[in-house]
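Visitor: From the sequence below, what's the structure:
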Amino acid sequence: MIYRIIVAAIACTVLTSVSTAQAEQWGQKLFSETHHHFGTVSRNAKTEHSFVIENCFEEDVHIAAVRSSCGCTHPVLTKKTLKSWEKGEVIAQFNTRSFIGTKTAEITVVIDRPYYAEVKLTVGGTIRSDIVVEPGEVRFGDIELGVKKVLDLKISYAGRRDWKILDIRGNSEYIEVRLDPIQRNGSQTNYLLHITAKDNAPVGDILDELIVLTNDEKNEQFTLPVNARVIPPVSISPTFVALGDVGEGKSVQNRLLVRSKKPFSITSVDCLDGRFVFKLPQGLKTVHVIPFSFTGDLIDDQDTGSLKQKIIVKTSLGADMSVEVTVAGRVVH
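Guide: Modelled structure (predicted):
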């Protein structure tokens with residue numbers, strides 16, 4: 001009898017560990033990356049990295065918590081519940097104000113639905129104490145298409161009297177850097193940087209990293225993250241609509257908002273799925289509301305019920321002034 005109980009307990013343990021391992025693998029699939037290294041950064045630099053979460057499954061995913069193993073990194077969750085094909089982010093913020101030296105942290109993402117899993121994200125980097133950047137970030141924010149924007153940034157170094165910046169390199173052709181002449185005051189060295197987001201940058205995010213090369217043989221370089229978002233003359237919100245589960249034969253309603261600084265009209269809404277019905281607004285306005293409905297019908301016997309559809313809204317502002325939105329959901333019996 002005792003033997004049977006022991007065997008049953010061992011079998012239960014094995015089954016539980018297999019189930020846990022499967023859940024861990026399931027959770028890992030939500031992330032395209034789980035590691036990031038910030039490199040060498042200056043004191044006070046605002047340094048962060050976004051780990052993108054995408055729910056590629058039919059069930060809703062719920063994130064119960066995120067926690068960090070080190071105070072040098074603060075995790076921020078942008079969205080707790082992700083419906084099918086929705087995206088969210090875990091933003092790892094490197095604390096360069098309170099910490100110096102080489103630091104690493106493990107961020108644990110706790111998922112409790114539809115299955116329990118813990119996903120580990122790791123970050124690391126080296127924070128220099130002899131270099132201070134003000135302000136602590138190169139963040140342009142939103143920039144209108146075709147508009148140039150310039151930010152000034154000060155780099156201060158305390159140490160060697162002959163320390164200097166040799167070069168500044170970046171990967172983006174839309175970011176330009178100009179360096180003012182060096183200023184010295186004893187052991188203090190100061191530089192003023194003029195960083196320009198060019199007016200030929202296309203619509204979308206600019207995520208760059210400026211590499212500052214110096215004559216310091218022990219610490220030859222450090223990095224400055226740069227980010228900007230070039231916004232189009234016409235924008236739509238939301239850019240992703242999660243319909244969730246729609247009962248067969250049932251209808252759900254939603255709406256889209258299209259904006260521009262210049263008055264315009266909606267000329268057409270294109271969608272390949274006939275189950276969507278749109279009501280086009282009339283007249284010239286700076287903001288248009290487009291109501292739409294979706295009816296949960298299965299197209300044929302092979303239809304699994306899952307859908308992911310692109311909607312294109314065209315405007316009177318020209319052929320290039322169209323906007324897109326993605327809709328996802330599932331038809332259930």
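Visitor: what bridges to Asp245?
Guide: Asp245 forms beta bridges with Arg330, as assigned by DSSP bridges.
Visitor: chain center to stretch 48-62: distance?
Guide: 11 Å (CA atoms, centre = their mean, to the nearest Å).
Visitor: Buried residues, it. List them.
Guide: Glu48, His49, Ser50, Phe51, Ile53, Glu54, Asn55, Glu58, Asp60, Val61 (16 or more other CB atoms under 10 Å). Using the backbone N, CA and C atoms, a C-beta is placed for each residue, glycine as well.
Visitor: Can you name the two of those that sit furthest apart?
Guide: Glu48 and Glu58 (31.5 Å; CB to CB).
Visitor: hang on, Val226 packs against Val212?
Guide: No. Val226 is not in contact with Val212 according to CB atoms under 8 Å; the separation is 11.9 Å.
Visitor: in stretch 254-262, what's buried?
Guide: Leu256, Val258, Ser260.
Visitor: Could I get the full set of helices for the protein?
Guide: 2-28 (DSSP state H).
Visitor: Sheet partners, orientation included, of the longest strand seen in it?
Guide: Ordering each strand of the chain by length in residues (DSSP state E) puts strand 117-134 first. Sheet pairing of strand 117-134 (DSSP bridges) gives strand 35-43 (parallel), strand 101-113 (antiparallel), strand 149-158 (antiparallel).
Visitor: right, and those strands - which one's nearest Asp273?
Guide: Taking those one by one with CB to CB, strand 101-113 is closest: 28.7 Å.
Visitor: Run through who's touching that closest one.
Guide: By CB atoms under 8 Å, 6 or more residues apart in numbering, the residues outside strand 101-113 that reach it are 27, 30, 51, 53, 59-70, 72-73, 75, 90, 92, 94, 117-127, 129.
Visitor: Could you turn the buried ones of those residues into a ChimeraX selection?
Guide: Per 16+ other CB under 10 Å, the buried members of the contacts of strand 101-113 correspond to this ChimeraX selection:
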select :27,30,51,53,60,61,63,66,68,72,73,75,90,92,94,117,118,119,121,123,124,125,127
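Visitor: returning to what we had before: ok, so of the buried residues of stretch 48-62, who is nearest Ile236?
Guide: Glu54 (20.3 Å).
Visitor: Without its sequence neighbours, what residue ends up closest to Asn44?
Guide: Gly136 (4.4 Å; CB to CB, 6 or more residues apart in numbering).
Visitor: Take the buried residues of stretch 254-262 and keep only those in strands.
Guide: Leu256, Val258, Ser260.
Visitor: What are the neighbouring residues in contact with Ala197?
Guide: Ala197 sits next to Phe140, Ile143, Lys148, Lys149, Val150, Tyr174, Ile175, Ile206, Ala228, Val230 when contact means CB under 8 Å, 6+ apart.
Visitor: Could you rerun that using 10 Å?
Guide: Shown in contact with Ala197 (CB atoms under 10 Å, 6 or more residues apart in numbering): 138, 140-141, 143, 147-151, 172, 174-176, 206, 208, 226-230.
Visitor: what do you get for Lys261?
Guide: By CB under 10 Å, 6+ apart, the neighbours of Lys261 are Glu144, Pro233, Val234, Thr286.
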